[in-house]
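Trainee: build me a model:
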Amino acid sequence: MIEALQKKKTNAMRQVSIAEASKIQAEIDELEYQVDKEETHIRKRGISQIECVACEQKFSIHEVKPGEMLHCKECRQVFRNVDAS
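Mentor: Take a look at the predicted model:
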């Protein structure tokens, strides 16, 4: 999601749409803040199993790298394929 927004921001900047690029950057910043907040909460609580935000499947928190959205392995693969196209 963050990568898609960054691509959108780059395209807006190419079109000299500074207002649009700033708006998109604010969305990116908010998403990164929310991810960081969620990761901090999980680490503080010592949670080892979490629920995927997309499909609600339970999976190990150790599968998620810092900065990644909280998706299970299958959903992360789907999002990577969508972002790549």
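
Trainee: flag the shaky bits of this structure, pLDDT-wise.
Mentor: Regions of the chain meeting the criterion pLDDT under 70 cover residues 46, 66-69, 82-85.

Trainee: mind listing the helices for it?
Mentor: Counting by DSSP state H, residue ranges of the helices within the chain are 2-14, 18-45, 73-84.

Trainee: okay if I get the ones you listed as TSV plus mean neighbour count and distance to C55?
Mentor: Bear in mind the C-beta positions are built from the backbone N, C-alpha and C, glycine included. TSV is the format used below for the helices of the chain (neighbours: other CB atoms under 10 Å; distance: least, CB to CB, whole Å):
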stretch	mean neighbour count	distance to C55
helix 2-14	14	19
helix 18-45	13	17
helix 73-84	13	6
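
Trainee: out of those, which comes closest to K58?
Mentor: Between K58 and the helices of the chain, the shortest separation by CB to CB is 12.1 Å, and it involves helix 73-84.

Trainee: chain center to that closest one: distance?
Mentor: On the basis of CA atoms, centre = their mean, to the nearest Å, helix 73-84 sits 11 Å off its chain's mean C-alpha point.

Trainee: against which helices or strands is it packed?
Mentor: In terms of contact count using 3 or more CB pairs under 8 Å, 6 or more residues apart in numbering; DSSP states H and E, helix 73-84 is assigned the packing partners helix 2-14.

Trainee: for the helix it packs on, name the packing helices and strands.
Mentor: Helices and strands touching helix 2-14, by 3+ CB pairs under 8 Å, 6+ apart, are helix 18-45, helix 73-84.

Trainee: in a markdown table, list the helices of the chain along with distance to E51.
Mentor: Shown next, in a markdown table, are the helices of the chain (distance: least, CB to CB, whole Å):
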| stretch | distance to E51 |
| --- | --- |
| helix 2-14 | 20 |
| helix 18-45 | 11 |
| helix 73-84 | 11 |
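
Trainee: please consider this matter closed, and thank you.
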